[in-house]
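# Quick one: sequence plus predicted model below, questions after.
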Amino acid sequence: MKELLRTTDPTVIAFATALLDGEGIAAFALDVHMSTLEGSVGILPRRLCVRDGDFWRARLVLRDNGIACLEE
């Protein structure tokens with residue numbers, strides 16, 4: 001798995017996951033339950049990962065929809 005996106009905004013993770021799902025790309029969100037450790041402040045970023053083989057296509061899908069990805 002490769003990390004595609006890292007953000008503190010949960011709506012970006014939800015939108016990106018929906019976009020990828022629409023393209024048939026499986027995505028896995030990491031660190032979604034970290035808010036319990038930080039006290040729901042929202043300072044710890046959440047990550048979105050995809051399979052290695054889907055990474056470049058997933059980057060294109062997100063970039064085409066205005067979501068900035070991590071640099072490879």
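Thanks, I have the structure now.

# Leaving out sequence neighbours, find the closest residue to the spatially most central residue of the chain.
Centroid-nearest residue in the chain: Leu48, 2.8 Å away (criterion: CA atoms, centre = their mean). Excluding the flanking residues, the one nearest Leu48 by CB to CB, 6 or more residues apart in numbering is Leu5, at 4.2 Å. The way it works is simple: take the backbone N, C-alpha and C, and place the C-beta from them, glycine included.

# go on, Arg63?
That would be Cys69: by CB to CB, 6+ apart, it lies 6.5 Å from Arg63.

# Check the burial of that neighbour by counting its neighbours.
Residues near Cys69, counting by other CB atoms under 10 Å, number 18.

# Correct me if wrong: it contacts Glu3.
No. Cys69 sits out of contact with Glu3 when judged by CB atoms under 8 Å, with a separation of 9.2 Å.

# Pull the contacting residues for Ala68.
Leu62 (CB atoms under 8 Å, 6 or more residues apart in numbering).

# how close does it sit to Gly24?
22 Å (CB to CB, to the nearest Å).

# after the lowest-mean-pLDDT helix or strand in the chain, next one along is what?
Each helix and strand of the chain was given a mean pLDDT (mean pLDDT, DSSP states H and E); the minimum falls on helix 35-38 at a mean of 60. Note on helix 35-38: by DSSP states H and E, the next helix or strand toward the C-terminus is strand 46-50.

# Perfect, I'm done here.
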